[in-house]
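Novice: Sequence first, predicted model second:
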Amino acid sequence: MRKQIWKRLGWSITALEDKKKCFAWLFFFFVLQLILQYYYPMTSDDLYFRYGVEISNKNDLFNYVLHFGNGRYLGNSSVLILVRCHWLRALSKAVIMTAIYGELIYLLDLKNELQIAFAGILMLLPSVKMYAQVYVWTAGFQNYIVPIFLYLTAILCWKKCKEAKENGRKILLGAMIFLTAAPAQLFSENCTLFFAIASVGIGAVEVWKNKKIRKSTIILVVGSILGAGIMTAGPMLLKGDMGGQSNYRKVPRTLEAVFETIYQNGALAGRYLLGCTGLWSIMAILDCISLERLHQDKNRVWTQLRVVAGCGLAGFSVIHLIAMDEIVRPDLPKVYFFLFLVEMGYMIGHSWNYFKIGKGDAAILTGAGIFTVLPLLVVTPVSARVFYLTWFIWLMAVLKSISVEGLKRSLVAIRMLMLGMSAGLIIIALEWNAVDTVRMTYVNRLMRENPERESIVLPELPNSRLLQADADGAYWNYVLHSLGGG
């Protein structure tokens, strides 16, 4: 009976060798995320959205979101709701993270436990800055993780629509495509831009290959463009609201300023992407394995160059995590800009190699990741969270290209690594929760003693590198009045 239900819904995963192990990993990942998200503290803008924004009815919510002025209608409104309910925030974030994990397994056709385990581990290993800004910070999560979940859902439904034969199921899947593709555009600017381009690209490729376009593809394109139009219309129609927030992203006006922005943003991109130690380490290992298989291959030199670049990036990534700033004090932007060029060249080389060996999906994903970086080089400001989509696409490329041959004996080690990482993250989250409880008691006591107080110097939480601007007094200036009961 259960198999028939899954089959009717079109979500059968019969391609997996062991469905029980797949669901076991999904369940473990969900429980881990639920524990972590429950104990993560509110930080940065979360505090402002919780204590500094008065939402007494739906009109307050609507007016605030409408007049914020940057088009993040669903992103900002969902943050306002979630920061007011601890369990809802924890549960929704855990469900979405687990859903993305499941979508990766399905869309990439990961067929055994080792691949599934790698996917779970790598999902927990972005850079430290990315972790702080998109996993812990609720505002970052809603604006940069949720749209990825929605767009992946739209792609999954689009893929299933190709296989559907019953008209009723096609209509249901078509509705799901539109209801996920359009809302996915209403969270953050860079996701809106790239998802719209991706949808148009899918439609163009289908027309080019088949000389026609399917209805499901038209729905995907229309939904994405409609959502993007609504998103970008917000700042234009409400220009000037909220003290210039509608002009949050800016493009330089002179050619000299463009080149300077490219240099500065390239250095930042190099810095934030270099922190993704898990990604670079796995890629370096895969390169070394591929080198061992070559003997008289005419492309051996290019493979050796990739191995050198991959191992170099993995090594510098570890140094970056430990003490890059302390070791390279002068000319730090130059170093990171050079490493950024190496990162881009390395990924271009991988994309070209994937095409040559017939791994078209991995090549397209790698190239798409490179493309997502380019527009960010000419806008300000940029931060680690805007490169999360780049890292996520490259993660998909690695999972798509990884071969489990020769790695099957590593399964026990992979399981132990996952358990170790999970235990470490849970301990950190528990530390945050304990100290944050004491700190909020401290803040409330000071406010009771002096209701007119204008600022409070906050004690720093442990492992603060994994938190987004937690001790930034500017955010607390917003909320002191509310905390004082005024």
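Specialist: Alright, I've got the coordinates.

Novice: which element is Leu286 on?
Specialist: helix 277-292 (DSSP states H and E).

Novice: quick one: the helix or strand following that helix to chain centroid distance?
Specialist: Using DSSP H and E, the helix or strand that follows helix 277-292 in sequence is helix 300-327. In terms of C-alpha atoms, centre = their mean, to the nearest Å, the centre of helix 300-327 is found 23 Å from the chain centre.

Novice: ok now the following helix or strand past helix 300-327, how far from the chain's centre?
Specialist: Beyond helix 300-327 on the C-terminal side, the first helix or strand identified by DSSP H and E is helix 332-356. Taking the mean of its C-alpha atoms, helix 332-356 sits 20 Å from the chain's own mean (C-alpha atoms, centre = their mean).

Novice: contact partners of helix 332-356?
Specialist: Residues from elsewhere that reach helix 332-356 (C-beta atoms under 8 Å, 6 or more residues apart in numbering): 263-264, 266-271, 273-274, 283, 299, 302-303, 305-306, 309-310, 312-313, 316, 324-325, 328, 360, 362-363, 366-367, 369-370, 373, 394, 397, 401. From N, CA and C alone the C-beta is placed, and that goes for glycine too.

Novice: list the contacts for the residue positioned nearest the centre of the chain?
Specialist: Centrality entry for the chain: nearest residue to the mean C-alpha point is Tyr388, 4.1 Å, by C-alpha atoms, centre = their mean. If you count contacts by C-beta under 8 Å, 6+ apart, Tyr388 has them with 126, 130, 133-134, 144-145.

Novice: Who wins on neighbours among the residues you listed?
Specialist: Gln133 (29 neighbours; other C-beta atoms under 10 Å).

Novice: Quick check, that one in contact with Phe387.
Specialist: No: look at Gln133 against Phe387 with C-beta atoms under 8 Å: they stay out of range, at 9.9 Å.

Novice: returning to that earlier point: which ones among the contacts of Tyr388 lie within helices?
Specialist: 130, 144 (DSSP state H).

Novice: can you list the weak-confidence ranges in the chain?
Specialist: By pLDDT under 70, the weakly predicted segments of the chain are 1-18, 56-58, 60, 65-71, 234-249, 292-299, 323-331, 403-410, 453-455, 469-486.

Novice: what's the distance between the residue nearest to the centre of the chain and Val222?
Specialist: Separation of Tyr388 from Val222 (C-beta to C-beta, to the nearest Å): 27 Å.

Novice: What of Val136?
Specialist: 36 Å.

Novice: Tell me which of these two has more neighbours.
Specialist: Set Val136 next to Val222 and count neighbours by other C-beta under 10 Å: Val136 wins out with 25 against 16.

Novice: which residues sit in contact with that one?
Specialist: Val136 neighbours (C-beta under 8 Å, 6+ apart): 40-41, 43, 466-468.

Novice: Throw the contacts of Tyr388 into a markdown table and include distance to Val378, thanks.
Specialist: Listed next are the contacts of Tyr388 as a markdown table, based on distance: C-beta to C-beta, whole Å:
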| residue | distance to Val378 |
| --- | --- |
| Pro126 | 24 |
| Met130 | 21 |
| Gln133 | 21 |
| Val134 | 23 |
| Tyr144 | 20 |
| Ile145 | 25 |
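
Novice: Please identify which of the contacts of Tyr388 is nearest to Leu419.
Specialist: Distance to Leu419, by C-beta to C-beta, is smallest for Pro126 among these, at 19.8 Å.

Novice: what sits against the closest one?
Specialist: 134-135, 275-276, 278, 388, 391.

Novice: Can I get stretch 146-156 as CSV, trimmed to CA atoms?
Specialist: Extracted C-alpha coordinates of stretch 146-156, given in CSV (Å, rounded to 0.1, in the frame of the first residue of the first chain):
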residue,chain,number,x,y,z
VAL,A,146,14.5,28.9,1.5
PRO,A,147,14.6,30.1,-2.1
ILE,A,148,17.1,27.4,-3.0
PHE,A,149,14.6,24.8,-1.4
LEU,A,150,11.7,26.3,-3.4
TYR,A,151,13.6,26.4,-6.7
LEU,A,152,14.9,22.8,-6.3
THR,A,153,11.3,21.7,-5.6
ALA,A,154,10.2,23.5,-8.8
ILE,A,155,13.0,21.7,-10.8
LEU,A,156,12.1,18.3,-9.2
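
Novice: Just the residues contacting it, thanks.
Specialist: Contacts of stretch 146-156 (C-beta under 8 Å, 6+ apart): 74-75, 78, 96, 99-100, 103-104, 106-107, 176-177, 180-181, 183-188, 191-192, 195, 198, 220, 223, 389, 392.

Novice: hang on, the earlier thing: write a PyMOL command that selects only the buried members of the contacts of helix 332-356.
Specialist: Typed into PyMOL, the line below selects the buried ones among these, using 16 or more other C-beta atoms under 10 Å:
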select buried, resi 264+266+267+268+269+270+271+273+274+283+303+306+309+310+313+316+324+362+363+366+367+369+370+373+394+397+401
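
Novice: State the three-state secondary structure for Val457.
Specialist: coil (DSSP: H, G, I helix; E, B strand; the rest coil).

Novice: For it, give me phi and psi.
Specialist: phi -80, psi 120 (degrees, to the nearest 10).

Novice: since we're on it, how many residues are nearby?
Specialist: Val457, neighbours per other C-beta under 10 Å, totals 9.

Novice: give the contact list for Cys276.
Specialist: 125-127, 130, 317, 391.

Novice: err, Ile35, not the other one
Specialist: 426, 429.

Novice: In the helix or strand hosting it, which residues are buried?
Specialist: Using DSSP H and E, Ile35 sits within helix 19-39. For helix 19-39, the neighbour count (16+ other C-beta under 10 Å) marks 22, 25-26, 28-30, 32-39 as buried.

Novice: do stretch 430-438 as well
Specialist: 432, 436.

Novice: CA atoms only for it - export them in CSV, please.
Specialist: Listed next in CSV are the C-alpha coordinates belonging to stretch 430-438 (Å, rounded to 0.1, in the frame of the first residue of the first chain):
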residue,chain,number,x,y,z
LEU,A,430,24.2,24.2,23.7
GLU,A,431,26.9,26.6,24.8
TRP,A,432,25.3,29.4,22.9
ASN,A,433,21.9,28.7,24.4
ALA,A,434,23.2,28.6,28.0
VAL,A,435,25.2,31.8,27.7
ASP,A,436,22.5,33.6,25.8
THR,A,437,20.0,32.8,28.5
VAL,A,438,22.3,34.3,31.1
